[in-house]
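Sequence and predicted structure, then a few things I'm wondering about:
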Amino acid sequence: MYIVKKQFFIVFSVLLLVSPYIYQSNRTVAETNEEFNKITSKGTDYSNWFWTEIEVLSSGDDDAYLADMVVDESNNIHITWLDDTDDLIDSGFDRDIFYMNWDYSTETWSSIEVVSTEGSLTSENSQLAIDSHGNLHIVWLDYADLLGAGGSDVDVFYRMRTSAGVWSSYALISDVSENNCQEISIVIDSEDNIYVAWSDPTDVGDLGGTDSDIFYNVYDDSSSMWKGMTLVTDDSSGVSIEPHLVADNMDFIHLVWTDKTDIYGAGIDYDIFYKKFSSSLATWSSTQLVSTESTADSRDGRMGIDSEYSLHVVWHDSTDYEGSSFDMDIFYKYYDSDLSSWKTTEVISVFSDLAAALPDIVIDDYDTIHLTWEDLTDYGGIGTDWDVVYQYKEKNSNQWSQMAIVSLDPDVNSFVPKIFLDNNNHILISWYDDTDYLGSGGDYDIFLRKFVGPPEATILHSFSTDSIEIGNLTIIWEEVPSAESYDVYRDSTFITSVGSLSRLATVNDESYRDSLDTIGDYFYTVVATNRYGDSDLSNIVSIAVFEVEPPEVEQTGLFQTIKLGEILILAGILGAFQLVLVTIVVVLFKTVPSQKEKKGSKKK
């Protein structure tokens with residue numbers, strides 16, 4: 001019956017949205033992913049993006065699980081995971097936490113390092129964060145009785161690896177816990193203060209009761225001290241588990257978790273709840289119910305925050321909501337920061353006929369939402385095992401993309417996908433499964449796959465004038481996050497393609513100084529590049545260059561302000577005046593009698 005309902009819902013969605021992104025179940029995996037790559041959004045053009053080959057990260061001869069990753073400012077990847085391999089790099093015969101990193105410039109993985117070097121009992125569930133100095137901060141669960149943890153219960157431990165690769169000593173985070181700590185989460189704010197949350201049945205100060213509650217501890221960077229274990233879910237009377245922390249740019253710490261408390265109309269099933277911590281006031285907000293439409297169990301909430309500080313929450317839910325049937329499906333909800341309210345829940349896994357679970361979410365620099373989860377549905381003949389799938393939602397179009405299948409082996413289960421972003425907004429998805437891929441054997445191993453592509457086109461700044469004299473000209477453009485360098489092109493006519501042009505320069509900054517020694521029109525464009533390809537052309541800007549006229553020679557002295565024309569006029573006037581004087585003199589000379597003529601006149 002639920003399949004009929006879901007098929008009806010799909011048909012209705014197609015008629016309603018006329019969406020070009022709908023998955024078609026009769027396509028093969030290759031056809032589905034090929035169609036996925038053709039999707040273009042206004043935030044990022046994915047038409048030239050592609051999925052890389054799958055990488056095997058764990059090299060032990062026993063099971064490896066539950067990887068976590070962070071990316072530093074240099075785009076290097078840091079990863080931790082738990083591994084059952086006996087005495088892997090002298091780690092002993094217990095389960096341990098291991099670490100390695102990927103160098104972005106050399107594209108190589110480092111050697112493996114042991115994180116949980118102390119104790120001889122099980123270590124698991126590591127979580128990573130990175131501070132503004134590039135130091136790694138790692139927390140995990142450990143059965144070892146270290147630093148006064150007491151007994152054989154599970155406690156939360158912490159360690160730092162500096163940017164120089166030096167490991168700190170252990171620190172006990174669950175300092176007053178008397179029971180088994182469970183799921184943990186870690187974030188760091190802009191002041192490098194560290195926040196760790198976990199689930200714990202300990203009744204601290206008679207506040208938590210005997211059920212599991214969410215606790216947290218804060219490392220104050222200014223005082224270099226942990227402040228101590230503190231209860232968060234003080235209004236919960238049921239089981240509180242599965243915390244997930246996110247920090248925003250205003251240093252608010254956001255928490256979602258799963259809780260069985262019947263408050264705010266949640267009922268006695270598991271629901272997703274939310275709280276916010278103000279670092280300046282050191283106080284938690286009141287509790288909010290997120291899964292308001294749910295009437296069955298809601299589990300494993302994950303959260304992301306966009307540039308406008310709106311919250312985006314995903315989880316898996318067994319509620320038959322909008323025809324999703326009673327199997328687990330992926331639900332999504334966001335908090336509109338402008339309206340200060342939660343919007344209506346959406347079902348994301350609308351094409352799933354079987355269970356979909358354990359979603360994870362990241363939001364990129366363009367506010368595009370990226371999701372991954374594990375799914376049992378037989379998409380395109382991949383079988384009814386658990387597979388890793390991926391979808392995104394671009395902000396401007398407000399539509400969910402077609403679904404892509406990340407793990408391609410049709411015969412094995414792929415579990416617990418985690419999604420990450422690098423500094424280029426490329427997608428990294430890790431998971432574990434027992435595929436014998438590249439000689440990894442039939443044990444569980446950590447796998448990684450990337451969704452990558454060339455940069456977006458940059459935008460050239462307009463020149464402040466239409467023309468300049470011969471000389472130097474500076475071209476400036478906008479930074480593109482995923483660009484590794486920029487190619488500058490110049491031509492004497494409008495540029496529609498750079499195929500026949502030679503590069504003027506390749507630079508790493510967002511400007512270039514050109515030297516122009518010939519008059520004429522110059523047109524410029526810039527292409528952003530990275531190791532995966534070139535962007536489209538930027539906009540075209542142009543400038544006209546003219547030759548400078550020789551300056552007029554200035555005279556000095558008495559006649560420094562008299563120009564040539566004026567001199568000629570004066571010369572003409574003087575010449576005419578001289579001619580008049582000569583004429584007058586001649587006339588006068590002829591009309592005046594001589595001395596002889598005067599004497600002769602007297603004799604007569």
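Cool, the structure landed.

okay, and for the stretch 101-250 of the chain, where does confidence drop off?
205-209 (pLDDT under 70).

can you give me the strands for it?
Counting by DSSP state E, counting those that start in this stretch, the stretch 101-250 of the chain has strands at residues 108-109, 113-114, 123-130, 136-142, 155-161, 171-172, 184-188, 194-200, 213-220, 225-226, 230-231, 240-247.

Take the ones you listed and write them to CSV, including distance to residue 581 and mean neighbour count.
From N, CA and C alone the C-beta is placed, and that goes for glycine too. Converted to CSV, the strands of the stretch 101-250 of the chain look like this (distance: least, CB to CB, whole Å; neighbours: other CB atoms under 10 Å):
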stretch, distance to residue 581, mean neighbour count
strand 108-109, 102, 12
strand 113-114, 111, 18
strand 123-130, 100, 22
strand 136-142, 104, 25
strand 155-161, 106, 23
strand 171-172, 114, 18
strand 184-188, 101, 22
strand 194-200, 106, 25
strand 213-220, 105, 22
strand 225-226, 109, 14
strand 230-231, 115, 18
strand 240-247, 101, 22
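
Dump those into CSV; add distance to residue 330 as well.
What follows is the strands of the stretch 101-250 of the chain, written out as CSV (distance: least, CB to CB, whole Å):
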stretch, distance to residue 330
strand 108-109, 32
strand 113-114, 35
strand 123-130, 22
strand 136-142, 26
strand 155-161, 29
strand 171-172, 36
strand 184-188, 20
strand 194-200, 22
strand 213-220, 23
strand 225-226, 36
strand 230-231, 31
strand 240-247, 15
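
Relative to residue 80, which of the ones you listed is closest?
For the strands of the stretch 101-250 of the chain, the distance to residue 80 is smallest for strand 123-130, at 4.2 Å, taking CB to CB.

Domains in this structure, by residue range?
467-546, 564-603 (automatic domain parsing).

Same list (the ones you listed) but as a markdown table, adding mean pLDDT and distance to residue 108.
Below are the domains of the chain laid out as a markdown table (pLDDT from 0 to 100; distance: least, CB to CB, whole Å):
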| stretch | mean pLDDT | distance to residue 108 |
| --- | --- | --- |
| domain 467-546 | 94 | 14 |
| domain 564-603 | 64 | 76 |
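
just the ones you listed: most buried one?
Of all these, domain 467-546 has the most neighbours on average by mean count of other CB atoms under 10 Å, namely a mean of 15.

so where's the longest strand in the protein?
Scanning the chain for the strand with the most residues, using DSSP state E, yields strand 520-530.

Following the chain past that strand, name the next helix or strand.
strand 533-534 (DSSP states H and E).

show me where the stretch 1-150 of the chain has helices.
With DSSP state H, counting those that start in this stretch, the ranges of helices along the stretch 1-150 of the chain come out as 2-17, 29-37.

my guess is residue 407 is in a helix, correct?
No: judged by DSSP: H, G, I helix; E, B strand; the rest coil, residue 407 forms no part of a helix; its state is coil.

Let me know how buried residue 363 is, in neighbour terms.
21 (other CB atoms under 10 Å).

meant to ask about residue 374
26.

Which parts of the stretch of helix or strand it belongs to count as buried, going by neighbours?
Taking DSSP H and E as the definition, one finds residue 374 inside strand 369-375. Within strand 369-375, the residues scored as buried using 16 or more other CB atoms under 10 Å are 369-375.

Same question for stretch 421-439.
Of the residues in stretch 421-439, those buried (16+ other CB under 10 Å) are 421-422, 424-435, 437.

Nearest residue to residue 64 in space, ignoring adjacent ones along the chain?
residue 58 (3.6 Å; CB to CB, 6 or more residues apart in numbering).

now swap in residue 324 and tell me
residue 347 (4.7 Å).

For the one you found, list each beta-bridge partner.
residue 331 (DSSP bridges).

That one and residue 318, how far apart?
Separation of residue 347 from residue 318 (CB to CB, to the nearest Å): 12 Å.

which neighbours do the two share?
The contact sets of residue 347 and residue 318 overlap at residue 329 (CB atoms under 8 Å, 6 or more residues apart in numbering).

circling back: between the helices of the stretch 1-150 of the chain, which gets the lowest average pLDDT?
Ranked on mean pLDDT, the bottom entry among the helices of the stretch 1-150 of the chain is helix 2-17, at a mean of 32.

ok so, going back, the residue nearest to residue 64 contacts residue 446, doesn't it?
Yes: counting by CB atoms under 8 Å, residue 58 does reach residue 446; the two are 4.3 Å apart.

Please enumerate the shared neighbours of these two.
With CB under 8 Å, 6+ apart as the test, residue 58 and residue 446 both reach 64, 81.

Run through the neighbouring helices and strands of the strand holding residue 374.
Applying 3 or more CB pairs under 8 Å, 6 or more residues apart in numbering; DSSP states H and E, one finds that strand 369-375 makes contact with strand 311-317, strand 329-336, strand 356-363, strand 387-393, strand 414-421, strand 427-433.

Just checking: what are the partner strands of it?
strand 356-363 (antiparallel), strand 387-393 (antiparallel).

export these to JSON lines and tack on mean pLDDT?
Below are the strands paired with strand 369-375 laid out as JSON lines (pLDDT from 0 to 100):
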{"stretch": "strand 356-363", "mean pLDDT": "97"}
{"stretch": "strand 387-393", "mean pLDDT": "95"}
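
Any chance of those in JSON lines with distance to residue 94 as columns?
Below are those laid out as JSON lines (distance: least, CB to CB, whole Å):
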{"stretch": "strand 356-363", "distance to residue 94": "26"}
{"stretch": "strand 387-393", "distance to residue 94": "29"}
